[in-house]
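>>> Okay, sequence plus prediction incoming.
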Amino acid sequence: DQASQEETKREQEMKDRRSRLEMEAQQLKEKKVQEQRELQNYLKSQIEEKNSNKVKQKQEKKSTVNDPPLFPAESSKRAPIDTVMRREQYKMELKDQMWEKEFDKYMRAEEDRLAQEQHLSQLDERMELEH
């Protein structure tokens, strides 16, 4: 009789422990999903900001189409200040384009990584639901 009471007590403790662990796992999963949502929203806002900046830059560039920058080979050390400034501006634009391409690569890689993480978490959830 006492042995069966102890066995019942152990079973109840195991059930309680299992339910606590399941609840903690569920909370961790919900926290991770929330963090992913926040990160996705942040990345979306960054992309939107970058795109709006691109539009502004394109509009600014269109306004200067009539005064194209000189290539370095077309100017000399004795060039007037205006030519030197345009050459430096051209160099800066090239650097900006390079950084923009690097940023685009990074953002695409980050989006791919997030999509993959989300897909894996969905697979994990499906597997848990099946078990």
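Received, thanks. Bear in mind the structure is a predicted one, so any value in this text is a computation, not a measurement.

>>> by contact count, what packs against the helix or strand hosting Glu11?
For Glu11, the enclosing helix or strand under DSSP states H and E is helix 2-63. Applying 3 or more Cβ pairs under 8 Å, 6 or more residues apart in numbering; DSSP states H and E, one finds that helix 2-63 contacts helix 81-130. The way it works is simple: take the backbone N, C-alpha and C, and place the C-beta from them, glycine included.

>>> what angle sits between the helix it packs on and helix 2-63?
160 degrees (axes from the mean of the first three to the mean of the last three Cα atoms, to 10 degrees).

>>> on that earlier part again, average model confidence for the helix holding Glu11?
Averaged across helix 2-63, pLDDT comes to 91.

>>> what do you get for stretch 97-105?
Rounded mean pLDDT across stretch 97-105 is 92.

>>> Then stretch 112-127?
pLDDT averaged over stretch 112-127 gives 91.

>>> so how far is that stretch from its chain's centroid?
Using Cα atoms, centre = their mean, to the nearest Å, the mean C-alpha position of stretch 112-127 is found 16 Å from that of the whole chain.

>>> cool, stretch 81-92 as well?
Its chain's average C-alpha position is 34 Å from that of stretch 81-92, according to Cα atoms, centre = their mean.

>>> buried stuff in it?
Across stretch 81-92, burial judged by 16 or more other Cβ atoms under 10 Å covers 86-87, 90.

>>> Check stretch 8-15 too.
By neighbour count with 16+ other Cβ under 10 Å, stretch 8-15 contains no buried residues.
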